[in-house]
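A.B. asks: Sharing a model prediction with you, sequence too.
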Amino acid sequence: MSDKVRVALYWCASCGGCEEAFVDLAEDLIKLAEKVEIVFWPVAIDMKKSDVEQLPDESIDVSFINGGIRLSEHEEMVKLLRRKSKVVVAFGSCAHLGGIPGLANLYSKDEILKYVYLEAPTVVNPEGTMPKEVVKVDGQELELPKVLRLVKALDQVIDVDYYIPGCAPPPDVVKKALDTLLSGKLPPKGSVLGASSRSLCDECDLNKTKPEKILLKDLKRVHQVKLDLSKCYLAQGVLCLGPVTRGGCGTLCIKGGMPCTGCFGPLDNVKDYGARALSYLASILDYDDEAQAEKVIEEYVADPAGWFYRYSLPKSLVRGRYQGSGGEAHG
Amino acid sequence: MSDVRIGVYVCHCGKNIGGVINPAKVAEFASRLPNVVVSRDYMYMCSSPGQALIEDDIKKYNLNRVIVAACSPRMHEPTFQAVLKRAGLNPWLLQMVNIREHVTWVHEDTPDKAEEKAEELIAAAVARAAHLYEITTEKAPVVKSALVIGGGIAGIRAALDLANAGIKVYLVEKKQSIGGKMAQLDKTFPTLDCSKCILTPLMVDVARHPNIEIYAYSEVVDVSGSAGDFKVKVKLKPTYVDWSKCTGCGLCVEKCPGRAPSEFNEGLGFRKAIYFEFAQAVPRKPVIDPRYCLWFTKGICRVCSKVCPVGAIDYEQKERYVELNVGAIVVAIGYEIYDMSKMVEYGYGKFKNVITGLQLERLSDADGPTKGKILRLSDGKEPKTVAIVLCAGSRDEKHVKYCCRFGCAAALKHVYYIKHSVPDSKVLIFYTDVRAFGKGFEEFYQKVRSWDDVYFIRGRPAEIFEDKDGSLVFDVYDSNTGQLINVKADLVVLESAVVPPKDWEPLRRLLKVSCDPGGFALELHPKLRPFETTADGIFLAGTIQGPKDIPDTVAHAAAAAAAAIGFLLKGYVESVPYLATVNEDLCSGCGLCASVCPYDAITIEEKEGRRVAKVNMIRCKGCGACAATCPSGAMQQNYFTDTQILSEVSTLAGGAK
């Protein structure tokens, strides 16, 4: 066995962007290849679950797992990787906080399947065929993974050592995180790697353009206002989640003319990202008249969960819509 | 945290707690909680032996956290904090658990569950106590000067008391002269002494006092800073007269051909376009009203400028601003009478012979528009039948819910004016209740009742109609006799409701003083602290706190002044213990905390190339708005940190056992 660091990469409920984030390392990948040996990476290398099962426990140095936990298969695989790995890193917003797939927690499994297989405008399914967990094909019984009741973040299923934030994590963040991991000087367990310990405003060039007091009379969506790109977006009435979001991305979205939507998640001292975001927004809305405030909120923040919990609903205190007691509801 | 050593003390509070739950059992439960070194119960923890028990234990067991499970912290937190201090511990290492108001008083019927709740609350406090830390406060010097806003009798009394205590006073009055409503009154009840005769000497005292500076015809437009060190911006409205040159000879007023309705006479009669509020005005310096001055309206005249012997007239004068630095502010802006035209059924403003009580004062005053004769406004005839309507707009769901507190006594006085001016007149008083509660009021009431042709009728007039001759007719249901009375009166006097002045709301927002449902300034405590506000260093004098008669106003003003003197002479202000603190490492300088701080206590400052929030310890009042807003958890409030609160909450959520 070589003295290279043995690395596994795995994806769960993921869009593939996190895999792309590795590829985005570009030339650094070559340098990385000198230091690491990839033992498992289904997206790139043809390996099966049984290959992993055969590895001795804790024989993988680091497993990078991205995507939310949506299926029983994900649960099985991450538990297996946990057993085989010394260090597990939740890679990207979905593994870190539940991510965009986590918004599915606002619906029941049946509602989701019904919409996706029967009701969605692009679906043609005259026979009303629905997926089944067990099907017989040519006399053979085939089993599909179960859809879990709630999407979970990785650390809600297995013990996680570190997190790399972002949707997807930008190359600089990935590089910094890898440098830290490969340096051998490991930070305290639970640390978020490659990012800042302060909110995005700290590294935002527009922070210094903020007025002494930001009290908003009106809220605007990006398409409703011609943003002055040289001034704080929040001060222009556009909801930027920079103040409540961990920095480290280099304000990529803001530089691209879009406000921060919060993919790096909350800071260490914050328990519930969305609640914090709502609390800060409510604090700076400047209305004497409650009805007017309600009207603006209704018009502007038409989808509060999508705004404030876009990446973190499974890790919030509520975790999802209450779907009655029983099962694995909030377990 | 292995070095946390907690003592738990469960109070019986006699039967208050001990009669419902078993404190000994609760104390025994607490003794098994983590970090608890000693746990006891006692009959009265707040008594001297109870306090000594805690003090001895702190020394004996080397305790560094104390939990007292007893009554509300509003009651005895300071008592037990003093115990900690005496034992050499920081007072903020104390944690109270309210097992009386929150437990035994409300769950008397279910003692078992009450006991369980007490135990859970104590377990949560034990979890929280581990995260308590020492809190120190800071002191800042106080600027030994005061601003008094409003120059009525309340402002005058407060200013004089403050000035006599050696404090520099700035008295800001929006009108040309100080004196307020009391100057408009002919006489005062129940003694019937001349109002101006007792007021004007005080006005002169104010003008001559070396410690008082009057800013008349001025308004407070901005207030910043905090208790002990307020910065106040005062707007000096243009008077078009250079007061530094003016000698107050009054020649300009005498010669001015311009006429304007007289505010001082409540719209009855006229004043000049350049005017003094009234004859004894202080300061005796006139102002030009550009709305009526012929030079300003038509570009002609300039008589005042021609006759002024010292060349004080200055048509080009602009508004000016002064910045004052004061330690305390006394608000004494008084009241306004409710707009009687809103009571359409009484026809005020439509019928000439329906007037307000304050207008009657002006008619009765020798200096008033009728030289002290009470006459009808429609035809100048003496009214032979006068109806006085009490509670006009007051105690009325549709208008003002509260009582004006001086209408009844004023009405009695008004009976005297009418009978004195028109001895053969008949006076009908329509009342709801005659509230003659003040000193000498009842005697005055009995005296007035005994006069001939004075009738007290219990009922409120229905709609008032005007007769061809200007008389007024209306029906009243007399609830004493159960009869409907048809009344014809020559004059109707409305004892009108009282409301806060129109300019109070913007000023209130500047001062950050709360208001009551009627819009008046809210006192700190309705009984025990009626002249202080929730804003430190801001005191209330007179009717801005709520309607009052003159004796109560003066007493209130003197009390406000005494409180302000005490505050200023103490010499320092101390920061609140539960103030906001920034973790600069986590702070990103996003500035949202500064945006929501109601006390301007937070600034964003450049530090080592980064922007970070900085809290002014003296200005911070510990409201917690910034801590709730801070998106990164960098801003925490002493004694209410996220860790402290969450440890308490999660213990409660998880159950005590």
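C.D. replies: Yep, it's here.
A.B. asks: any idea how far A:Lys231 is from the residue of chain B found nearest chain A?
C.D. replies: When scored by CB to the nearest CB, chain B has B:Gly633 as its residue closest to chain A, at 2.7 Å. Yep, even glycine has a C-beta here, placed from its N, CA and C like the rest. In this view, B:Gly633 and A:Lys231 are 27 Å apart by CB to CB, to the nearest Å.
A.B. asks: can you pull the contacts of the residue of the stretch 201-331 of chain A found nearest chain B?
C.D. replies: Taking CB to the nearest CB, chain B has its nearest neighbour within the stretch 201-331 of chain A at A:Asn269, 2.7 Å off. Applying CB atoms under 8 Å, 6 or more residues apart in numbering or on different chains to A:Asn269 gives the contacts B:583, B:586, B:632-634, B:642.
A.B. asks: tell me the SS of the residue of chain B closest to chain A?
C.D. replies: coil (DSSP: H, G, I helix; E, B strand; the rest coil).
A.B. asks: wouldn't it be in contact with A:Asp272 here?
C.D. replies: No. Between B:Gly633 and A:Asp272 there is no contact under CB atoms under 8 Å: 10.9 Å.
A.B. asks: So which of those two has more stuff around it?
C.D. replies: More neighbours surround B:Gly633 than the other of B:Gly633 and A:Asp272, with 22 against 17 (other CB atoms under 10 Å in any protein chain shown).
A.B. asks: and that one, backbone torsions?
C.D. replies: Dihedral angles of B:Gly633 (phi, psi; degrees, to the nearest 10) stand at phi 70, psi 20.
A.B. asks: Assign a three-state SS to the residue of the stretch 201-331 of chain A closest to chain B, would you?
C.D. replies: coil.
A.B. asks: Could you check how many residues crowd around residue 174?
C.D. replies: Just so you know, I chose chain A. 25.
A.B. asks: you looked at the wrong chain, it should be chain B
C.D. replies: So B:Lys174, with other CB under 10 Å, has 18 neighbours.
A.B. asks: residues touching B:Leu251, list them.
C.D. replies: By CB under 8 Å, 6+ apart, B:Leu251 lies in contact with B:307-309.
A.B. asks: The residues you listed into TSV, with extra columns for distance to A:Gly194 and pLDDT?
C.D. replies: Output for the contacts of B:Leu251, formatted as TSV (distance: CB to CB, whole Å; pLDDT from 0 to 100):
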residue	distance to A:Gly194	pLDDT
B:Val307	84	97
B:Cys308	80	97
B:Pro309	84	96
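A.B. asks: Only whichever of those residues are buried, select them in PyMOL.
C.D. replies: Typed into PyMOL, the next command selects the buried ones out of the contacts of B:Leu251 (criterion: 16 or more other CB atoms under 10 Å in any protein chain shown):
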select buried, chain B and resi 308
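A.B. asks: So which of the contacts of B:Leu251 are in helices?
C.D. replies: Among the contacts of B:Leu251, DSSP state H puts B:Val307 in helices.
A.B. asks: Nearest to A:Leu25 among the contacts of B:Leu251?
C.D. replies: Closest to A:Leu25 out of the contacts of B:Leu251 is B:Cys308 (87.1 Å), distances taken as CB to CB.
A.B. asks: so that closest one sits right up against B:Cys252, yeah?
C.D. replies: Yes. When contacts are counted by CB under 8 Å, B:Cys308 is listed as touching B:Cys252 (5.6 Å).
A.B. asks: burial of the closest residue to A:Leu267 other than its chain neighbours, as a residue count?
C.D. replies: Once flanking residues are discounted, A:Leu267 sits nearest to B:Ser632: 4.4 Å by CB to CB, 6 or more residues apart in numbering or on different chains. For B:Ser632, the tally of surrounding residues (other CB under 10 Å) stands at 29.
A.B. asks: same question, B:Phe640
C.D. replies: A count of nearby residues for B:Phe640, using other CB under 10 Å, gives 14.
A.B. asks: and the gap between B:Tyr275 and B:Gln317?
C.D. replies: In terms of CB to CB, B:Tyr275 sits 16 Å off from B:Gln317.
A.B. asks: just A:Leu216 next, same as before
C.D. replies: Distance from A:Leu216 to B:Gln317, counting by CB to CB: 40 Å.
A.B. asks: got it, and A:Glu290?
C.D. replies: Per CB to CB, A:Glu290 is found 44 Å from B:Gln317.
A.B. asks: Pick out whichever of these two has more residues nearby.
C.D. replies: A side-by-side neighbour count of A:Glu290 and B:Gln317, using other CB under 10 Å, places B:Gln317 first with 16 against 8.
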